[in-house]
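> Can you look at this prediction? I've put the sequence above it.
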Amino acid sequence: MNDLLPEQSPVWRYVEHTVQRCLQCYGYREIRFPLLESTELFKRSIGEVTDIVEKEMYTWADRNGDSVTLRPEGTAGCVRAALQNGLLRNQVQRFWYSGPMFRYERPQKGRLRQFHQIGAEVFGLEGPDIDAEMLVMTARLWRDLGLDRHVRLQLNSLGTAEARAGYREALVDYLSAHRQALDEDSQRRLDSNPLRILDSKNEGTQALLADAPNLMDFLDEASRAHFDQLCHLLEQAGVEFEINPHLVRGLDYYGKTVFEWVTDALGAQGTVCAGGRYDGLVAHLGGAPTPAVGFGMGEERLVLLLDAVGSVPDSVGRILDAYMVVAAGQESVALTCSETLRELCPGLRLQNHCGGGSFKSQLKKADRSGAEVALIIGDSEAAAGTLTVKYLRRDEQQTLPVADAATLINQLLAVV
Ligand code: ATP
Ligand code: MG
């Protein structure tokens, strides 16, 4: 579980701000729900025979003896909250949320025990048009973040539960004949949850899967039509994709469309955004049958990717525009002057020097602060009601009345 230090937080804010703005532009509204839910909720929705429920949840009994779990993902809690508050009755809803998730995994680059996701969920729409809109939206987001050349979209359809049952049989037949060649986890899953084997990261198992029956060949007609129409819509919209018949996702609730946005720039932890359709979950959790589709993106991986490909804008790291330097004895003038500037220059990020010291040492601090300008109140400025604006990135300065300095600063802020 990582600390997020002030040095890194601007990039995080940039990612969150950019993603949230994009979601809002498509009519998504924010929903917040607890970090802690009853364990049963996750078991029921994610599935008993999944990595998450089998070995990754932080679960304990509270003082009442009730089993509670720190949320390992957002969809279950989102559906629970929406149901409990009556938000899904004959309505279409587009929600987004963000925050920490918890999984007891082996920590490594791009994989933490407390990690952060931004998620989106849509309820009440069953057609491929909303799947397509969601993917068009994420494609726009990659452009907004300057990541579009570094991620690709993988798509698959899991069909209906019946279609998967037919496929499951064929897959088990095929894999049973090669049981000894499977990794240990996969051997166990052959009996409990064979589809999950497709997701195995084991190389030997993946090699075996190359000749396995293809889920696409088992799709029911409705799922097939849904998938074809989705592909058509994406092609028309100019969103490129690859069909990956081994894409099954790590949670039980998915059916029909599943997708992942992946990158090659982060090694094994290459999935930055993943989701799909889960038409059965709302009813499974006690609501009226309600089609749904959603995704979650890992913020850690987005930040790593932005750093790896160098697409964080320079302005993101800058935290100050101006640093006010003040002669001994003129602190009160400096305080009044900086408050006047805050009125006249909305949004100005100004830090007053505190703690005294020579002009020289104060200017050094101004320089190190990353600000564009130092604002100097010496004895003569204090007497004349003026302010010296010193450009820290070039050898130039100007002394002018405070109101004029404010105008200058506003012009300056507009161009940097
Ligand atoms: P993976 O195959 O990488 O384990 P997953 O299928 O378990 O991913 P999801 O449950 O679909 O992941 O979560 C959606 C996204 O959240 C992932 O694509 C990834 O970007 C991010 N994510 C998942 N687990 C972690 C983690 N432990 N640390 C950091 N990010 C994570
Ligand atoms: Mg995982």
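Sure thing, it's come through. Ligands and ions are numbered 1, 2, ... in the order given.

> Please work out which residue of the stretch 1-150 of the chain is closest to ligand 1.
With C-beta to the nearest ligand atom as the measure, Phe115 is the residue of the stretch 1-150 of the chain nearest to ligand 1, at 3.3 Å. The C-beta positions use only the backbone N, C-alpha and C, and glycine is treated the same way.

> Now do the SS call for that residue.
Look at Phe115: counting by DSSP: H, G, I helix; E, B strand; the rest coil, its state is strand.

> and it, how many neighbours does it have?
Residues near Phe115, counting by other C-beta atoms under 10 Å, number 20.

> ditto for the one 4 residues further on
By other C-beta under 10 Å, 23 other residues sit near Gly119.

> That one and Asp173, how far apart?
Distance, Gly119 to Asp173, by C-beta to C-beta, to the nearest Å: 37 Å.

> Over to Asp217?
According to C-beta to C-beta, Asp217 and Asp173 sit 14 Å apart.

> Name the residues of the stretch 151-300 of the chain found near ligand 1, please.
Listed as neighbours of ligand 1 in the stretch 151-300 of the chain under the rule C-beta under 6 Å from any ligand atom: Gly250, Gln269, Thr271, Val272, Ala274, Gly296, Met297, Gly298, Glu300.

> If you drop the residues flanking it in sequence, what lies closest to Asp62?
Excluding its sequence neighbours, the residue lying closest to Asp62 (C-beta to C-beta, 6 or more residues apart in numbering) is Val68, at 5.2 Å.

> Just the element for the one you found, please.
For Val68, the enclosing helix or strand under DSSP states H and E is strand 67-70.

> If you count neighbours, what's buried in that strand?
Within strand 67-70, the residues that qualify as buried are Val68, Thr69, Leu70, counting by 16 or more other C-beta atoms under 10 Å.

> which residues touch the first one?
The neighbourhood of Val68, defined by C-beta atoms under 8 Å, 6 or more residues apart in numbering, consists of Leu36, Glu37, Ser38, Thr39, Thr59, Trp60, Ala61, Asp62.

> Mind checking which of these land in strands?
Secondary structure assignment by DSSP state E places Leu36, Glu37, Ser38, Thr59, Trp60, Ala61 of those in strands.

> what about burial for the contacts of Val68, which qualify?
The neighbour-count test (16+ other C-beta under 10 Å) marks Glu37, Thr39 as buried among the contacts of Val68.

> Leu266: neighbour count?
If we define neighbours as other C-beta under 10 Å, then Leu266 has 20 of them.

> Now do the SS call for it.
coil.

> I figured it hits Gln108, correct?
No: applying C-beta atoms under 8 Å as the test, Leu266 and Gln108 come out as separate, 10.9 Å apart.

> re the thing from before, could I get the pLDDT score of the residue of the stretch 1-150 of the chain closest to ligand 1?
You'll see Phe115 listed with a pLDDT of 98.

> ditto for Val15
For Val15, pLDDT reads 97.

> which element is it on?
helix 9-25.

> residue ranges of the helices in the stretch 101-250 of the chain, please?
128-144, 161-176, 184-192, 203-209, 221-237 (DSSP state H, counting those that start in this stretch).

> Now do the third one: distance to the chain's middle.
Right, the one you point to is helix 184-192. 32 Å (C-alpha atoms, centre = their mean, to the nearest Å).

> model confidence over that helix, on average?
If you average the pLDDT over helix 184-192, you get 89.

> Tell me what angle it forms with helix 161-176.
Angle, helix 184-192 to helix 161-176, by axes from the mean of the first three to the mean of the last three C-alpha atoms, to 10 degrees: 130 degrees.

> For helix 184-192, which residues meet the burial criterion?
Neighbour-count burial for helix 184-192 [16+ other C-beta under 10 Å]: Asp185, Ser186, Arg189, Leu190.

> buried sites along stretch 104-123?
Across stretch 104-123, burial judged by 16+ other C-beta under 10 Å covers Gly110, Leu112, Arg113, Phe115, His116, Gln117, Ile118, Gly119, Ala120, Glu121, Val122, Phe123.

> Tell me who's in contact with the residue in the chain positioned nearest to ligand 1.
Using C-beta to the nearest ligand atom, the single residue of the chain nearest to ligand 1 is Gly298, 2.4 Å away. Taking C-beta under 8 Å, 6+ apart as the criterion, Gly298 is in contact with Gly110, Phe115, His116, Gln117, Thr271, Val272, Cys273.

> of all those, which two lie farthest apart?
His116 and Thr271 (14.8 Å; C-beta to C-beta).

> Buried residues, stretch 318-331. List them.
Within stretch 318-331, the residues scored as buried using 16+ other C-beta under 10 Å are Asp321, Ala322, Tyr323, Met324, Val325, Val326, Ala327, Gln330.

> Quick one: residues contacting the second one.
Neighbour list for Ala322: Leu341, Leu348, Arg349, Leu350, Gln351, Ala371, Glu372, Val373, Ala374, Leu375, Ile409 [criterion: C-beta under 8 Å, 6+ apart].

> State the phi and psi torsions of the residue of the chain closest to ligand 1.
phi -90, psi 120 (degrees, to the nearest 10).

> Run through who's touching the helix holding Val15.
Taking C-beta under 8 Å, 6+ apart as the rule, helix 9-25 contacts 4, 30, 96, 98, 118, 120, 137, 140-141, 144-145, 297, 299, 302-303, 306-307, 312-313, 316-317, 319.

> Just the buried ones from those?
So, by 16+ other C-beta under 10 Å, the buried ones in the contacts of helix 9-25 are 96, 98, 118, 120, 137, 141, 145, 297, 299, 302-303, 306, 312.

> In a markdown table: those residues, plus pLDDT.
Listed next are these as a markdown table, based on pLDDT from 0 to 100:
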| residue | pLDDT |
| --- | --- |
| Trp96 | 98 |
| Ser98 | 98 |
| Ile118 | 98 |
| Ala120 | 98 |
| Met137 | 98 |
| Leu141 | 98 |
| Leu145 | 97 |
| Met297 | 98 |
| Glu299 | 97 |
| Leu302 | 97 |
| Val303 | 97 |
| Leu306 | 97 |
| Val312 | 93 |
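
> List the ones among those that fall in strands.
Reading strands off the buried ones among the contacts of helix 9-25 with DSSP E, I get Trp96, Ser98, Ile118, Ala120, Met297.

> give me every residue that touches the fourth one.
Ala120 is in contact with Leu23, Tyr28, Arg94, Phe95, Trp96, Met134, Gly275, Gly294, Phe295, counting by C-beta under 8 Å, 6+ apart.
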